[in-house]
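Participant: this is the structure alone, sequence omitted:
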């Protein structure tokens with residue numbers, strides 16, 4: 001069962017706008033390039049940049065906690081380090097994510113946008129090499145688009161795949177086949193990766209990424225229709241290689257695990 005890469009996305013700032021890519025280099029043991037490099041604290045999170053570690057997403061301005069984050073449209077320029085942000089009713093923002101002043105200016109812009117949803121001082125945080133993943137070992141995430149279409153049929157409503165904030169979106173696999181792949185390896189373009197675990201979903205997927213409204217209880221829909229709250233997979237890259245939109249994503253051989 002061979003699928004192909006329908007889309008690739010990175011999320012430079014945790015919780016903010018997915019940025020579409022044509023290709024990416026996947027590296028052994030590393031997260032998806034330029035993904036979740038920054039997060040925005042919603043009040044003190046306890047993050048120590050000198051000893052960075054996993055912090056629960058509830059500490060940040062993410063869709064699970066603050067739906068209006070989706071009102072912001074952000075775009076990061078990896079070459080210059082500049083971030084641009086726009087939102088209806090707000091002046092445009094542009095500043096450098098490489099310096100403290102630029103990050104503080106973005107936090108101030110975001111504070112004005114979010115208003116009463118801000119529970120504490122907003123602060124953009126980072127540490128060299130650290131990524132703000134939902135799971136400390138959730139290196140690369142994949143969504144099987146056939147599974148989303150099956151869920152659409154069950155609930156009778158269309159779903160924007162970007163609700164699920166994955167790095168790879170794959171066409172050509174059978175619906176929900178991926179739930180049987182834990183511990184198995186598959187090819188992703190010219191890279192190889194091992195399935196780590198299914199992704200447990202939270203209230204972030206209830207938010208429409210275009211309207212910033214909580215318009216569906218998809219966690220309940222998953223449980224009611226399938227008896228679980230999974231959608232997508234976390235992967236660990238085991239052989240480095242480039243992946244490009246249109247590349248094959250070969251499902252694992254289902255031989256017995258030894």
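Facilitator: Arrived safely, thanks for sending. Here the structure is a predicted model, which means the values were calculated and not measured.

Participant: where does the prediction get shaky in the stretch 151-258 of the chain?
Facilitator: Scanning the stretch 151-258 of the chain for pLDDT under 70 picks out the ranges 254-258.

Participant: how about the helices in it?
Facilitator: 218-226 (DSSP state H, counting those that start in this stretch).

Participant: would you map the strands across it?
Facilitator: 168-171, 185-188, 191-200, 230-239, 241-244, 248-250 (DSSP state E, counting those that start in this stretch).

Participant: how about the stretch 1-150 of the chain?
Facilitator: Ranges of strands within the stretch 1-150 of the chain are 2-10, 19-21, 23-26, 39-42, 73-77, 82-86, 93-96, 122-125, 140-144, based on DSSP E, counting those that start in this stretch.

Participant: for residue 210, find the nearest of those strands.
Facilitator: strand 73-77 (10.3 Å; C-beta to C-beta). C-beta coordinates here come from the backbone N, C-alpha and C atoms, glycine included.

Participant: quick one: the closest one to chain centroid distance?
Facilitator: 15 Å (C-alpha atoms, centre = their mean, to the nearest Å).

Participant: identify the neighbouring strands of it in the sheet and state each direction.
Facilitator: strand 82-86 (antiparallel) (DSSP bridges).

Participant: avg pLDDT for the partner strand?
Facilitator: Strand 82-86 carries an average pLDDT of 98.

Participant: only the buried residues of it, if you could.
Facilitator: Across strand 82-86, burial judged by 16 or more other C-beta atoms under 10 Å covers 83, 85, 86.

Participant: so how far is residue 98 from residue 45?
Facilitator: 21 Å (C-beta to C-beta, to the nearest Å).

Participant: neighbours of residue 146, how many?
Facilitator: Around residue 146 there are 18 other residues, counting by other C-beta atoms under 10 Å.

Participant: surely it meets residue 171?
Facilitator: Yes: using C-beta atoms under 8 Å, residue 146 makes contact with residue 171 at a distance of 7.3 Å.

Participant: could you dump the buried residues of strand 82-86 into CSV with distance to residue 24 added?
Facilitator: Shown next, in CSV, are the buried residues of strand 82-86 (distance: C-beta to C-beta, whole Å):
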residue, distance to residue 24
83, 20
85, 23
86, 25
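
Participant: of those residues, closest to residue 113?
Facilitator: Nearest to residue 113 among the buried residues of strand 82-86 is residue 85, at 8.6 Å by C-beta to C-beta.

Participant: how about the closest one, nearest residue that isn't a chain neighbour?
Facilitator: Closest residue to residue 85 apart from its sequence neighbours, by C-beta to C-beta, 6 or more residues apart in numbering: residue 93 at 4.1 Å.

Participant: show me the contacts for the one you found.
Facilitator: 83, 84, 85, 86, 105, 106, 109 (C-beta atoms under 8 Å, 6 or more residues apart in numbering).

Participant: gap between it and residue 74?
Facilitator: Following C-beta to C-beta, the distance that separates residue 93 from residue 74 is 9 Å.
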